[in-house]
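Novice: Below are the sequence and a predicted model for it; my questions follow.
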Amino acid sequence: MFHTSFIEIDKNAYKQNLNYLKEKFGPDTTFSSVIKGNAYGHGIEHIVSLAEENGVRHFSVFSADEALKAFESIGQGSELMIMGMIDDHEIEWAIEHDISFYVFEQERLEAAAGAARKMNKPAQVHLELETGMYRTGFNKDELKTALDFISANSDALIIEGVCTHFAGAESIGNYLRVKNQIKAFNKLMRMVEKSGVNYKKCHTACSAAAIRYPKTTLDMVRIGIAQYGLWPNRETFMHEVVERNGDGTPGEDPLKRVISWKSKVMSTKKVPANRFIGYGTSYLTNEETHIATVPVGYTHGFNRSLSNLGRVLINGKRVPVIGLVNMNMMMVEITTVEGVKKGSDVTIIGNEGGIDMSVGSFSELTNRLNYETLARLPHDIPRIIV
Ligand SMILES: *Cc1c(COP(=O)(O)O)cnc(C)c1O
């Protein structure tokens, strides 16, 4: 195969995560699998097929271009929702294919009704409410106008959902803000109820909210990171797994990482003492040093800030990146690791012989969120389901 590294998607891990989460949220809450950002780097088509195998029938993306990709993958009977960007000229396409989308301003609402009229088919929209995140969403006054408009155009608009998004439910530091958002949502919902406008679902929770504020799960949860086996942050893991145990002992992590990222050693070399390795002068050998080159660099999503800092696994040992990460390769130090040769397996993210390179450790070193590390994995690295 023509590639320098590959990504493995663990089918059983995904299934386990889904079982855990679905059981937690209960049968009356629709599970929407959030697959924006190329399914958090896992690959839209792979996650869609695994999710559908496990009974998921609702998918959420950010934008119309992601919806187009997802639409090609989803099976009959699965629903697709756009939570963010859709241009006026893409609305007709969405209506044609029964794809629902967020509206958060009067202009888009009118565009949706206009497109629906033109196509003689109602648009399925989700009313996004401003509850305190201050990103997108109707505030109280705008909502009033919107509800009047919807009442007058009920033939062209199906209110598939009423929704909001929390501004950081993963951190206890945002506790009051989230609580206030919940209150604000309930208040605006009373306006919706009073208006007599019919809607199908209320949905507010992402992974962190669904886990830390169980009352936010409502009719549907929009779950991204947790289905991929990662916690929104360390704090959420502590809250869920350690604190709930009661006695301070850590419970077993019910979520299993789905992704692994692997490559192979490109070549090995013995470098004498007192030599700089790679570009420039960032790494000077103390003694004879055995190095391996790995054909993964910053073009493949291995951040250059991991120069002289990152780690990979070879032959079950953590080995340090030495020198600068290049565009297409990096050097690692293997002096004390037995038997490394050209073609030896390299694990960048994953488990080898019980030793783990987590997405989290990878992210912490680069000051990135798990989310960012995953979403930045290039689309063209082959994904293999195992
Ligand atoms: C990304 C996103 C989610 C999913 O968030 P996770 O933390 O990955 O579960 C839910 N809702 C909206 C609006 C989002 O943008």
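Specialist: Yes, it's here.
Novice: Next one: D28 from S78, what distance?
Specialist: 19 Å (CB to CB, to the nearest Å). (C-beta placed from N, C-alpha, C; glycine too.)
Novice: number of nearby residues for the closest residue to the ligand within the stretch 151-300 of the chain?
Specialist: Per CB to the nearest ligand atom, G224 is where the stretch 151-300 of the chain lies closest to the ligand, at 2.3 Å. By other CB atoms under 10 Å, 23 other residues sit near G224.
Novice: again, but for I91
Specialist: I91 has 26 neighbours, counted by other CB under 10 Å.
Novice: G137 contacts R108, doesn't it?
Specialist: No - using CB atoms under 8 Å, G137 is not in contact with R108; the gap is 11.8 Å.
Novice: thought the residue of the stretch 151-300 of the chain closest to the ligand was touching A205?
Specialist: No - G224 lies out of contact with A205 (CB under 8 Å); the separation is 11.0 Å.
Novice: got a pLDDT number for A13?
Specialist: A13 carries a pLDDT score of 98 in this model.
Novice: Next up, phi/psi of it, please.
Specialist: phi -60, psi -40 (degrees, to the nearest 10).
Novice: Next one: it relative to Y228, how far apart?
Specialist: 9 Å.
Novice: Looking at those two, which is more packed in?
Specialist: Applying other CB under 10 Å to A13 and Y228 shows that Y228 carries more neighbours, namely 28 against 19.
Novice: Look up how far N370 lies from that one.
Specialist: Separation of Y228 from N370 (CB to CB): 9 Å.
Novice: S63 now?
Specialist: Distance from S63 to N370, by CB to CB: 21 Å.
Novice: And for E338?
Specialist: Distance, E338 to N370, by CB to CB: 32 Å.
Novice: neighbour-wise, which of the two wins?
Specialist: N370 (22 against 8).
Novice: just how off-centre is stretch 60-77 within its chain?
Specialist: Centroid displacement of stretch 60-77 relative to its chain, using CA atoms, centre = their mean, to the nearest Å, is 15 Å.
Novice: cool, stretch 158-170 as well?
Specialist: Worked out by CA atoms, centre = their mean, stretch 158-170 lies 16 Å from the chain centre.
Novice: Please list the residues of this protein that sit near the ligand.
Specialist: Neighbours of the ligand within the chain, by CB under 6 Å from any ligand atom: 34, 36, 83, 165, 206-208, 222-226, 232.
Novice: I'd like to know how far the residue nearest to the spatial centre of the chain sits from K200.
Specialist: By CA atoms, centre = their mean, the mean C-alpha position of the chain lies nearest to Y40, the distance being 3.7 Å. As judged by CB to CB, Y40 and K200 stand 27 Å apart.
Novice: Equivalent analysis for S60, please.
Specialist: In terms of CB to CB, S60 sits 15 Å off from K200.
Novice: Pick out whichever of these two has more residues nearby.
Specialist: Taking other CB under 10 Å, S60 and K200 do not tie; S60 has more neighbours (27 against 15).
Novice: who does the longest helix belonging to the chain touch, helix- and strand-wise?
Specialist: Ranked by residue count and defined by DSSP state H, the top helix of the chain is helix 175-195. Here helix 175-195 touches helix 140-152, strand 201-205, going by 3 or more CB pairs under 8 Å, 6 or more residues apart in numbering; DSSP states H and E.
Novice: avg pLDDT for that helix?
Specialist: For helix 175-195, the mean per-residue pLDDT is 98.
Novice: Next, the residues that contact that helix from outside, please.
Specialist: Applying CB atoms under 8 Å, 6 or more residues apart in numbering, the contact partners of helix 175-195 are 127, 129-133, 138, 140, 143-144, 147-148, 150-151, 162, 164, 166-169, 199, 202, 204, 209, 213, 215-216.
Novice: How about the backbone phi and psi for K22?
Specialist: According to degrees, to the nearest 10, K22 has phi -60, psi -40.
Novice: and if you look at E66?
Specialist: According to degrees, to the nearest 10, E66 has phi -70, psi -40.
Novice: what's the neighbour count on the closest residue to it other than its chain neighbours?
Specialist: Excluding its sequence neighbours, the residue lying closest to E66 (CB to CB, 6 or more residues apart in numbering) is K36, at 5.8 Å. Neighbours of K36 under the rule other CB under 10 Å: 21.
Novice: roughly how far apart are K36 and A111?
Specialist: Counting by CB to CB, the gap from K36 to A111 is 22 Å.
Novice: Please name the nearest non-neighbouring residue to the residue nearest to the centre of the chain.
Specialist: Nearest to Y40 is L374, by CB to CB, 6+ apart, at 4.4 Å.
Novice: quick one: that neighbour and H42 touch, right?
Specialist: Yes - shown here, L374 and H42 form a contact pair, counting by CB under 8 Å, at 7.4 Å.
Novice: neighbour-wise, which of these two wins?
Specialist: Neighbour count, other CB under 10 Å: between L374 and H42, L374 has more, with 27 against 24.
Novice: which stretch of helix or strand covers the more buried one?
Specialist: Under the criterion of DSSP states H and E, L374 resides in helix 370-375.
Novice: That helix: how far from the chain's middle?
Specialist: Counting by CA atoms, centre = their mean, helix 370-375 comes out at 7 Å from the chain centroid.
Novice: tell me what that helix is packed against?
Specialist: helix 36-40, helix 359-365.
Novice: what does stretch 2-12 contact?
Specialist: 41-43, 46-47, 50, 256-263, 266, 295-296, 300, 328, 348, 350, 377, 380-386.
Novice: one more time with 6 Å
Specialist: Stretch 2-12 is contacted by residues 42, 46, 50, 258, 260-263, 295-296, 381-386 when judged by CB atoms under 6 Å, 6 or more residues apart in numbering.
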